[in-house]
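**Q** Sequence and predicted structure, then a few things I'm wondering about:
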Amino acid sequence: MKFVPQSIAGVILIKPMVHGDGRGYFIETFRRDLFDKAVGYTVNFIQDSESKSAKGVLRGLHYQLPPYSQNKLVRVIEGSVLDIAVDIRKSSSTFGQHVAAELTENNKHQLFIPQGFAHGFVVLSDTATLAYKVDNYYAQDHDRGIAFDDEQLAIDWRLPKDELQLTDKDKNHPNLSDASDYFE
């Protein structure tokens with residue numbers, strides 16, 4: 001596995017070794033010893049989840065407040081997504097900046113999003129199936145979000161706004177400057 005630090009400290013793109021031949025392929029998608037060394041601390045993932053979405057579905061930008069904040073490891077099993085991590089740590093020199101990574105079934109890349117970041121993605125292919133690991137359970141009372149179209153964030157979602165499909169909840173998140181709950 002190759003661990004590639006991104007432009008914001010803590011966010012890491014993971015490029016697994018793909019061993020393929022005429023029969024198919026084999027990859028290690030997670031290996032604790034290498035992962036912990038690359039991240040610099042131990043992440044105790046406790047839940048694996050999967051979602052499938054159609055083209056244009058945008059989920060995010062979501063985060064959970066402490067003590068239920070989450071580290072996430074995201075990968076695409078089928079299709080293609082643009083995955084986004086937004087730094088919402090008030091004390092960070094990169095507060096309000098984001099990392100964007102295209103995760104596809106072909107490149108097999110994964111994105112590690114640490115606590116202190118809002119996370120979202122948009123489906124670029126006809127459909128996409130995502131798998132992700134988290135180190136804390138969902139806690140509805142600690143669930144928060146930031147507007148996907150906040151001009152301050154300047155995220156290029158790569159699809160026209162009228163092609164995006166969002167839940168009412170995701171359409172109504174506050175802008176970063178109006179959100180009251182961040183990380184220190």
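**A** Looks like it came in fine.
**Q** Helix or strand for the residue most central in space within the chain, just tell me which one.
**A** In the chain, the residue lying closest to the centroid (C-alpha atoms, centre = their mean) is H119, at 4.5 Å. Using DSSP states H and E, H119 sits within strand 117-123.
**Q** got the contact list for that strand?
**A** 10-11, 53-63, 72, 74, 79-89, 103, 113, 130, 144-146, 148, 157-159, 164 (C-beta atoms under 8 Å, 6 or more residues apart in numbering). The C-beta positions use only the backbone N, C-alpha and C, and glycine is treated the same way.
**Q** what sits against I146?
**A** 61, 63, 86, 88, 118, 153, 173-176, 179.
**Q** can you do 6 Å?
**A** I146 is in contact with 61, 118, 173, 176, 179, counting by C-beta atoms under 6 Å, 6 or more residues apart in numbering.
**Q** Which of the helices or strands spans the nearest residue to it once chain neighbours are set aside?
**A** Leaving aside its sequence neighbours, I146 sits nearest to L61 (C-beta to C-beta, 6 or more residues apart in numbering; 4.5 Å). Per DSSP H and E, L61 falls inside strand 58-64.
**Q** Quick one: mean pLDDT over that strand.
**A** In this model, strand 58-64 has an average pLDDT of 97.
**Q** Within the sheet, what are the partner strands of it, with directions?
**A** strand 117-123 (antiparallel), strand 143-145 (antiparallel) (DSSP bridges).
**Q** Contacts for that strand next, please.
**A** Residues contacting strand 58-64 (C-beta under 6 Å, 6+ apart): 70, 86, 118-122, 139, 142-146, 148, 164, 166.
**Q** Name the next helix or strand downstream of it, please.
**A** Using DSSP H and E, the helix or strand that follows strand 58-64 in sequence is strand 72-78.
**Q** so what secondary structure elements neighbour that next one?
**A** Under the contact criterion of 3 or more C-beta pairs under 6 Å, 6 or more residues apart in numbering; DSSP states H and E, strand 72-78 touches strand 110-113, strand 127-134.
**Q** Tabulate these in JSON lines, adding columns for mean pLDDT.
**A** Below are the helices and strands packed on strand 72-78 laid out as JSON lines (pLDDT from 0 to 100):
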{"stretch": "strand 110-113", "mean pLDDT": "98"}
{"stretch": "strand 127-134", "mean pLDDT": "98"}
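**Q** Redo those strands as JSON lines? Include distance to N44 and mean neighbour count.
**A** Formatted as JSON lines, those follow (distance: least, C-beta to C-beta, whole Å; neighbours: other C-beta atoms under 10 Å):
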{"stretch": "strand 110-113", "distance to N44": "14", "mean neighbour count": "25"}
{"stretch": "strand 127-134", "distance to N44": "10", "mean neighbour count": "19"}
